[in-house]
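J.: Let me see the structure of the following:
(one chain, ligands or ions: 1)
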Amino acid sequence: MELTFAMIKPDAVERNIIGSILQKIENDGFTIAAMRTTHMSKACAEGFYYVHKERPFFNDLTDYMSSGPVVLLVLKRDNAIARWREVMGATNPKDADEGTIRKEFGIDIEKNSTHGSDATDTAEFEISYFFSKSEIQA
Ligand code: CMP
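T.: Next up is the predicted model:
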């Protein structure tokens, strides 16, 4: 079993589709090992996305991610990191395959409804950025 970090972004929370996204997560065989809502400050979003700090979209991204509430999730499954990225689909909803979350719900490359860790080290960093070990169901 592997853990990954997922987030339901402000565009999806605002449109009341948290439940639809959680249903897809559970239908795919993930267990929700931890979950809570938060509203990130700009500084919190900058720390979370620090790997992108030199990218031209960093300021807009961190403004957007601190613009409203999000849902923070730790997901558990075999091959969870890669599988969650498949279930989400391509970063840009325009390029996402039929049946993926971003194809169905994403608005554009920024408002793409969900986030997921891209590797083991980023999953560890992102989980520990928001959750302590005692909050994660074994
Ligand atoms: P996410 O998986 O949360 O990781 C970084 C985010 O930056 C990404 O999803 C997109 O929402 C956002 N983003 C905005 N512009 C770009 C871009 N040109 N390339 C990649 N990611 C972008």
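
J.: The ligand contacts on the protein?
T.: Residues of the chain lying close to the ligand (Cβ under 6 Å from any ligand atom) are 52, 57, 61, 91, 109-110, 112, 115. In this view, the C-beta of every residue, glycine as well, is placed from N, C-alpha and C.

J.: how about a cut-off of 8 Å?
T.: By the rule Cβ under 8 Å from any ligand atom, the part of the chain lying against the ligand is 7, 9, 49, 52, 55-57, 60-61, 64-65, 88, 91-92, 109-112, 114-116, 118.

J.: Return the members of these classed as buried.
T.: Listed as buried from the residues of the chain next to the ligand are 7, 9, 49, 61, 64-65, 88, 91, 110-112, 114-116, 118; burial here means 16 or more other Cβ atoms under 10 Å.

J.: Looking at the residues you listed, which is nearest I21?
T.: Nearest to I21 among these is T114, at 6.5 Å by Cβ to Cβ.

J.: give me phi/psi at the residue nearest to the closest one when sequence neighbours are not counted?
T.: Using Cβ to Cβ, 6 or more residues apart in numbering and skipping the chain neighbours, the partner closest in space to T114 is M88 (5.0 Å). M88 adopts backbone torsions of phi -70, psi -40, taken as degrees, to the nearest 10.
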